[in-house]
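Colleague: Coordinates for the following, if possible.
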Amino acid sequence: MSETADTRTPAQIEADIRRRRERLAEALDEIGVRVHPRTIAGDAKAKVVAGVDRSLGRMYDGTDRLLSGVRAQFVSHDGRPRLERIVPVALVVVGVVGLLAAGSRRRGR
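Modeller: Residues are numbered from 1 along each chain as shown. As a prediction, the model looks like this:
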């Protein structure tokens, strides 16, 4: 084994030790910030908010696709209403509402 002699001066060694202490202090400060309860709570909150944002975004996209599909059934590509589809649906809705109204009047008597 060959040993290499340290050719640094005592001042250089002290400066090196000082730099290493400063880097160690910075690392310890960073670790302290990372493990602080407020930091942990803030990180957890950010993850939850991001998850909720992603979920809401997916729900919005799904709802938008669904509504676009429904709209396409009742409106033509040029924007005109498709009466051949609207009228039967409207008649069914009016019939169901009428039946519900008649049923509630019978129960009320």
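
Colleague: could you give the mean pLDDT of stretch 20-30?
Modeller: Stretch 20-30 carries an average pLDDT of 95.

Colleague: Mind listing residues that contact that stretch?
Modeller: Applying Cβ atoms under 8 Å, 6 or more residues apart in numbering, stretch 20-30 has no contact partners. Placement of C-beta: from N, CA and C, glycine included.

Colleague: chain center to it: distance?
Modeller: From the chain centre to the centre of stretch 20-30 is a distance of 35 Å (Cα atoms, centre = their mean, to the nearest Å).

Colleague: go on, stretch 38-50?
Modeller: Taking the mean of its C-alpha atoms, stretch 38-50 sits 13 Å from the chain's own mean (Cα atoms, centre = their mean).

Colleague: So what touches that stretch?
Modeller: Contact partners of stretch 38-50, identified using Cβ under 8 Å, 6+ apart, comprise Val33.

Colleague: in that stretch, what's buried?
Modeller: Within stretch 38-50, no residue is scored as buried using 16 or more other Cβ atoms under 10 Å.

Colleague: What of stretch 67-78?
Modeller: Neighbour counts over stretch 67-78 (16+ other Cβ under 10 Å) mark no residue as buried.

Colleague: Put the alpha carbons of that stretch into PDB.
Modeller: Output of stretch 67-78 as PDB, limited to C-alpha atoms (Å, rounded to 0.1, in the frame of the first residue of the first chain):
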ATOM      1  CA  LEU A  67     -73.300  15.400 -23.000                       C
ATOM      2  CA  SER A  68     -71.800  15.800 -26.500                       C
ATOM      3  CA  GLY A  69     -73.100  12.400 -27.400                       C
ATOM      4  CA  VAL A  70     -76.600  13.200 -26.100                       C
ATOM      5  CA  ARG A  71     -76.500  16.500 -27.900                       C
ATOM      6  CA  ALA A  72     -75.400  14.800 -31.100                       C
ATOM      7  CA  GLN A  73     -78.600  12.600 -30.900                       C
ATOM      8  CA  PHE A  74     -80.800  15.700 -30.800                       C
ATOM      9  CA  VAL A  75     -78.900  18.200 -32.900                       C
ATOM     10  CA  SER A  76     -77.700  17.700 -36.500                       C
ATOM     11  CA  HIS A  77     -74.100  18.500 -37.500                       C
ATOM     12  CA  ASP A  78     -75.200  21.900 -38.900                       C
END
